[in-house]
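Visitor: Attaching a predicted model along with its sequence, questions to come.
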Amino acid sequence: MILTQPLAALGRAVLRLLAGIGSVAIFAARVVSHTVRPPFYPREFLMAMLQIGWFSLPVVGLTALFTGGALALQIYAGGARYGAEAAVPSITAIGMVRELGPVLGGLMVAARVTSSIAAEIGTMKVTEQIDALVTLSTNPLKYLAVPRVLAAVLVMPVLVAVGDSIGIAGGWIVGVHQLGFNPATYIKNTVDFLEFWDIGSGLVKGAAFGFIIALMGVYHGMASGRGAEGVGTATKSAVVAASVLILAANFVLTRVFFAS
């Protein structure tokens, strides 16, 4: 009996994990199915685009700027050991557009947006506003989830593109003003090295991360417990889940896009 207790605890944990994965998958399928069925809520969609996209630009831009500068410094320091300092522009650019731009942008937006969505919807549940929507014959999934998920999927590639550009600009600033690169040569090496799919893969990642960011916020908000503690727990769980899923999705997509 004593020997089986650890196995029983492990089994319960695995079952809870599988039940959670199944619940999220069903919820995601319901959200996707409702995106193409009326009624639509354009005002909610536009407000979500503003909240997720426009208001996230400062944090994404600053993160990308300092990341691009730090990346250029690190590549230069590493390349100097092998006489490969000239690779700074090209490697900085590919590192930003393939990985750091989408991932860091996704994580920063997740920290800002996922928590906000979960807290907002969790509060609506606690104050019975979601029940009021049902009373008014409004589907909460269509009114609360679909506009936010669709907006996040559409604006995240734009945020990634802006972040990539600012990150490359940060590398250029450091490369030219601190490392002694010729400005025109730095830009030429960057442009010549990047390929279309390097940029395209990052934008696809951005769309996938946007789906994860909004979905986790809505899901955990709607699953929030009662009271302030329940809302706080839902907010924390939403951010953690979104961050982990972004990193996991990044690995899977990188493996798919760039497997040799």
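Guide: In hand now; what should we look at? All values derive from a computational prediction rather than experimental measurement.
Visitor: Skip ahead from the helix or strand hosting Asp198 and say which helix or strand is next.
Guide: According to DSSP states H and E, Asp198 maps onto helix 196-222. For helix 196-222, the following helix or strand on the C-terminal side (DSSP H and E) is helix 227-258.
Visitor: Now that following helix: buried residues?
Guide: Of the residues in helix 227-258, 230-231, 233-235, 237-239, 241-243, 245-246, 249-250, 253-254 count as buried by neighbour count, 16 or more other C-beta atoms under 10 Å. For every residue, glycine as well, the C-beta is placed using N, CA and C.
Visitor: and the residue most central in space within the chain, what is it in contact with?
Guide: Geometric centre of the chain, nearest residue: Gly106, 2.7 Å, by C-alpha atoms, centre = their mean. Residues in contact with Gly106 (C-beta atoms under 8 Å, 6 or more residues apart in numbering) are Met156, Val160, Lys205, Gly206, Phe209, Gly210, Ile212, Ile213, Ile246, Asn250.
Visitor: let's see 10 Å
Guide: By C-beta atoms under 10 Å, 6 or more residues apart in numbering, the contact set of Gly106 is 60, 156, 159-160, 163, 205-206, 208-210, 212-213, 242-243, 245-247, 249-250.
Visitor: Tell me the secondary structure of the closest residue to Val231 other than its chain neighbours, please.
Guide: Computed as C-beta to C-beta, 6 or more residues apart in numbering, the closest residue to Val231 that is not its neighbour in sequence is Gly122, at 3.9 Å. For Gly122, the assignment made with DSSP: H, G, I helix; E, B strand; the rest coil gives helix.
Visitor: pretty sure Gly122 contacts Thr114?
Guide: No: Gly122 is beyond contact range of Thr114, at 11.8 Å (criterion: C-beta atoms under 10 Å).
Visitor: got any residues that touch both of those two?
Guide: The overlap between the contact sets of Gly122 and Thr114 (C-beta under 10 Å, 6+ apart) consists of Gly217, His220, Gly221, Thr235, Ala238.
Visitor: Tell me the one among those nearest to Ile94.
Guide: When these are compared for distance to Ile94 (C-beta to C-beta), Gly217 wins out at 31.0 Å.
Visitor: so the nearest residue to the closest one once chain neighbours are set aside is in which element?
Guide: Using C-beta to C-beta, 6+ apart and skipping the chain neighbours, the partner closest in space to Gly217 is Ile117 (2.9 Å). Element membership for Ile117 (DSSP H and E) is helix 115-126.
Visitor: Kindly export the next helix or strand after that helix (C-alpha atoms) in CSV.
Guide: Following helix 115-126 in sequence order, the next helix or strand is helix 129-135 (DSSP H and E). Extracted C-alpha coordinates of helix 129-135, given in CSV (Å, rounded to 0.1, in the frame of the first residue of the first chain):
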residue,chain,number,x,y,z
GLN,A,129,-21.5,40.1,-15.7
ILE,A,130,-21.0,37.0,-17.7
ASP,A,131,-24.2,35.6,-16.3
ALA,A,132,-25.9,38.8,-17.4
LEU,A,133,-24.6,38.4,-20.9
VAL,A,134,-26.2,34.9,-21.0
THR,A,135,-29.5,36.5,-19.7
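Visitor: Let's test this: mean pLDDT of helix 129-135, rounded?
Guide: Per-residue pLDDT over helix 129-135 has a mean of 84.
Visitor: Give me the distance from that helix to the chain's centre.
Guide: Between the mean C-alpha location of helix 129-135 and the chain-wide mean there is a distance of 29 Å, by C-alpha atoms, centre = their mean, to the nearest Å.
Visitor: Among the shared contacts of Gly122 and Thr114, which one lies nearest to Ala132?
Guide: With C-beta to C-beta as the yardstick, the closest approach to Ala132 among the shared contacts of Gly122 and Thr114 comes from Gly221, at 15.7 Å.
Visitor: Let me see the contact set for that closest one.
Guide: Listed by C-beta under 10 Å, 6+ apart, the contact partners of Gly221 are 114-125, 130, 144-145, 148, 231, 234-235, 238.
Visitor: check contacts around the nearest residue to it once chain neighbours are set aside.
Guide: Spatially, and ignoring its direct neighbours in sequence, Gly221 is nearest to Ile121 (2.8 Å; C-beta to C-beta, 6+ apart). Taking C-beta under 10 Å, 6+ apart as the criterion, Ile121 is in contact with 129-130, 140, 144-145, 148, 217-224, 231, 234-235, 238.
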